[in-house]
Structure formats: structure tokens, C-alpha cells
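> any chance you could fold what I've pasted below:
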Amino acid sequence: QVELVQSGGGLVQPGGSLRLSCSASLSTLDYYAIGWVRQAPGKEREGVSCISAGPGSTYYADSVKGRFTISRDGDKNSTVYLQMNNLNAEDTAVYYCALDSTCLRNLRYDYWGQGTQVTVSS
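Numbers count the residues shown, from 1 in each chain. The predicted model follows:
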């Protein structure tokens, strides 16, 4: 059983930035992929980004490309970050991190974090 604990999120003005963290109860994430998935009220879940196992290839939804960056912590190899810049109202959602052996387009990850609210509003 893997536990994912999220931190970060909150209220930010349009154009602002936030960083989300996802810490896994593992000694290393080298063998696992971490995805970030968001769900806004009344909308379907959307895969936002993912970092693969091994070399850490990164993937982004078109809606966030160029604004969001996913990365692994070089020291704490069990933590993944999602840096979100130039946020807009359409980014408002509950954000979840999720873990599996590979990045999943169908978002059917085995393990999920508790979710964190991101609200972009003036």
C-alpha cells in the first residue's frame, strides 16, 4: 500500500503562481510514474501532467503546456512537484496526484493523494 500526501494549493489571483507537492511513502519514485489530475465542478477529470518512471519523461495537457512544470525533487526522491505559473480561472479545480507504474491516459491510477483545492480568483 502506497500513501500519497499532498501539500500546497490555495487561493491565488489570476496570473499568479502556486506549487503543489506530492510525497509518497516510498524510498524512491524511480520505478513509478506520478500524474497530476484535476477536477473542476461539473467537469470531467482532466490529466494535467505526468512524470514517468526511470528517466522521468514529462507530459502535459495542452491546456497547461508552457505554464505548468512537473519535476521530481533531487534530494527527496519520493516527492514530486507541480509548479503552476500564469494561473487563470480555468485552472480552478481540486488537484490530485496519483501513482502507477506508468503514466496513464485513462487516469486509472492505483494510488491517489487526498486532493488539494486550487482557486484562481481576483
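> list the contacts for M84?
Taking C-beta atoms under 8 Å, 6 or more residues apart in numbering, we find M84 in contact with 17-20, 64, 67-68, 91, 118. The way it works is simple: take the backbone N, C-alpha and C, and place the C-beta from them, glycine included.
> is it true that S25 touches V2?
Yes: using C-beta atoms under 8 Å, S25 makes contact with V2 at a distance of 5.8 Å.
> on that earlier part again, highest neighbour count among the contacts of M84?
Among the contacts of M84, L20 has the most neighbours (other C-beta atoms under 10 Å), with 24 neighbours.
> distance of that one from Y96?
10 Å (C-beta to C-beta, to the nearest Å).
> list residues touching both of these two?
In contact with both L20 and Y96: 6, 36, 116, using C-beta under 8 Å, 6+ apart.
> what about the second one, helix or strand, and which?
I take that to be W36. Here W36 sits within strand 33-39, counting by DSSP states H and E.
> and the contacts of the next helix-or-strand element following that strand?
Counting by DSSP H and E, the element after strand 33-39 in chain order, helix or strand, is strand 46-51. If you take C-beta under 8 Å, 6+ apart as the criterion, strand 46-51 is touched by 33-40, 57-61, 63-64, 68, 70-72, 80, 82, 93, 95, 103-105, 107.
> how does it look with 7 Å?
With contact meaning C-beta atoms under 7 Å, 6 or more residues apart in numbering, strand 46-51 is reached by 33-38, 58-61, 64, 68, 70, 72, 80, 82, 103, 105, 107.
> for the most far-flung residue of the chain relative to its centre, what are its contacts?
Relative to the C-alpha centroid of the chain, counting by C-alpha atoms, centre = their mean, S122 is the outermost residue, at 23.3 Å. Residues near S122 by C-beta under 7 Å, 6+ apart: 13-14.
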